[in-house]
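Participant: Return atomic coordinates for the entry below.
(one chain, ligands or ions: 2)
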Amino acid sequence: AATAAFVRAIPKAELHVHIEGTIEPEHAFALAERNAVTLPWATAEALKDAYRFDDLQSFLDVYYQVTAVLTTVADFADIVTAYFDRAAAQGVRHVELFFDPQSHTGRGVPMSVVMDGLWSAVSRSVETHGLTSSLILCFLRDLGAEAAAETLREAEPYLDRIVGVGLDSAEAGHPPAAFHDVFAAAALFGLRRVAHAGEEGPPAYVVEALDALGAERIDHGVRALEDPALVARLAEERVPLTVCPLSNVRLRGVDSIAQHPLGRMLDAGLLVSVNSDDPAYFGGYVGDNMIALHDDPRYDLATLRVLAENSFRSAFLDDDTRTALV
Ligand code: ADE
Ligand code: ZN
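Facilitator: Numbers count the residues shown, from 1 in each chain. Ligands and ions are numbered 1, 2, ... in the order given. The predicted structure follows:
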């Protein structure tokens, strides 16, 4: 409890959270009922029982099925509000929220519904929750580059509502370089660029994300440690890495928090922060991730504070806003 209070009191920015990964099972069932959507599980309990994953793909299979409960503007607004409630309660001051438009437009939900719903909550987060927030549109890498380009075209009317683009979904076999053109187009629109790399994929995908996509931040990046030259580059260039400890354990990328490479990443001088990824699925929000780390003596309170400071250094914030938040 003392740790929870300390963690809550440290200002934190969350830079790696998928809004579709924040739908708690009870909320999923409430939305399913409201929209007359049938989920392939009988109850919220049965859905929770399905949260035993072997790897990223086995998680994504559940995650995309649950997103089907989202159909209206109110649904998208409500899940953001529910996430902000939990994040604010854990001391989060700034959020850069990922969303996966293709997981909705692919089911016939118009881009306008996604954007209007998310934006109605994001645009009011300072008033409602005392936190700043922004949106990062992610392309689903397993659907390919042409679908990503089409998604960016559909998003063009809403570019003033997003701060950047990202790349997520099934990583193995989907190297970043295929998305060179759509990331270049996004850059020309003035958007920031991030990419999931080195979660399950090899260190070479991290290099590609930097060189081919111009990624300014790497999501996960834990496998970068397998390549010493890459580690040296990431340290030298102060490339932010958004690490998600509970996610990596639950998706079996690492065996336990004790085995997690975060400590070695800190020792190597990398700009790492702690994030929740898909908190409804992986056992907790960003504060919960920090509390889980603290069970390991490597992550003492001073180290947790450094990790939280790093989250603001890694954020897409102007200096005045950053200074006001920490
Ligand atoms: N989409 C949601 N969570 C993800 C993760 N951890 N990796 C890749 N894509 C995702
Ligand atoms: Zn992620």
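Participant: Can you name the residues of the stretch 201-326 of the chain that neighbour ligand 1?
Facilitator: Taking Cβ under 6 Å from any ligand atom as the contact definition, the stretch 201-326 of the chain meets ligand 1 at Ser247, Asp277, Asp278. Any C-beta I mention is one placed from the backbone N, CA and C, and that applies to glycine too.
Participant: what's the burial count for the closest residue to the first one other than its chain neighbours?
Facilitator: With Cβ to Cβ, 6 or more residues apart in numbering as the criterion, Ser247 has its nearest non-adjacent residue at 3.8 Å, and that residue is Asp277. A count of nearby residues for Asp277, using other Cβ atoms under 10 Å, gives 30.
Participant: Ramachandran coordinates for Asp277?
Facilitator: phi 70, psi -80 (degrees, to the nearest 10).
Participant: What residues are bridge-paired with it?
Facilitator: Note on Asp277: beta-bridge partners Val17, judged by DSSP bridges.
Participant: got a list of what Pro11 touches?
Facilitator: Gly91, Arg93, Ala308, Phe312, Leu325, Val326 (Cβ atoms under 8 Å, 6 or more residues apart in numbering).
Participant: Select, from those residues, the two members most distant in space.
Facilitator: Gly91 and Phe312 (12.6 Å; Cβ to Cβ).
Participant: okay, now Gly106: neighbour count?
Facilitator: 15.
Participant: right, I mislabeled it, should have said Gly201
Facilitator: Counted with other Cβ under 10 Å, Gly201 comes out at 23.
Participant: again, but for Ala30
Facilitator: 15.
Participant: cool, and the one 4 residues further on?
Facilitator: Residues lying near Arg34 (other Cβ under 10 Å) number 14.
Participant: Quick check: closest non-adjacent residue to it.
Facilitator: Arg34's closest residue in space is Asp75 (Cβ to Cβ, 6+ apart), at 7.7 Å.
Participant: Filter the contacts of Pro11 down to just the ones in helices.
Facilitator: Ala308, Phe312, Leu325 (DSSP state H).
Participant: circling back to that earlier point, redo the residues of the stretch 201-326 of the chain next to ligand 1 as a markdown table? Include pLDDT.
Facilitator: Formatted as a markdown table, those follow (pLDDT from 0 to 100):
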| residue | pLDDT |
| --- | --- |
| Ser247 | 98 |
| Asp277 | 98 |
| Asp278 | 99 |
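Participant: tell me which element the residue nearest to Tyr158 when sequence neighbours are not counted falls in.
Facilitator: Spatial nearest neighbour of Tyr158, excluding adjacent residues (Cβ to Cβ, 6+ apart): Met115 at 4.4 Å. Per DSSP states H and E: Met115 is located in helix 111-122.
Participant: Point out the residues in the stretch 1-150 of the chain that sit beside ligand 1.
Facilitator: Near ligand 1, when you scan the stretch 1-150 of the chain using Cβ under 6 Å from any ligand atom, you find His18, Gly21, Leu56, Tyr63.
Participant: Return the subset of these lying in helices.
Facilitator: Leu56, Tyr63.
Participant: What's the ChimeraX line that selects buried ones from the residues of the stretch 1-150 of the chain next to ligand 1?
Facilitator: The ChimeraX selection below is limited to those of these classed as buried (16 or more other Cβ atoms under 10 Å):
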select :18,21,56,63
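Participant: Extract the CA atoms of the host helix or strand of Ser58 and return them as CSV.
Facilitator: Here Ser58 sits within helix 56-67, counting by DSSP H and E. Provided in CSV are the C-alpha atoms of helix 56-67 (Å, rounded to 0.1, in the frame of the first residue of the first chain):
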residue,chain,number,x,y,z
LEU,A,56,1.3,-12.1,-29.2
GLN,A,57,-1.0,-13.7,-31.8
SER,A,58,-3.0,-15.7,-29.3
PHE,A,59,-3.7,-12.4,-27.5
LEU,A,60,-4.6,-10.5,-30.7
ASP,A,61,-7.1,-13.1,-31.6
VAL,A,62,-9.1,-12.3,-28.4
TYR,A,63,-8.4,-8.5,-28.6
TYR,A,64,-9.9,-8.2,-32.1
GLN,A,65,-13.0,-10.2,-31.2
VAL,A,66,-13.6,-8.0,-28.2
THR,A,67,-13.3,-4.8,-30.3
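Participant: picking that back up, out of the ones in helices among the contacts of Pro11, which is nearest to ligand 1?
Facilitator: Ala308 (21.1 Å; Cβ to the nearest ligand atom).
Participant: Could you point out the longest helix of this protein?
Facilitator: helix 73-89.
Participant: quick one: buried residues of the helix holding Met115?
Facilitator: Met111, Val113, Val114, Met115, Asp116, Gly117, Leu118, Trp119, Ser120, Ala121, Val122.
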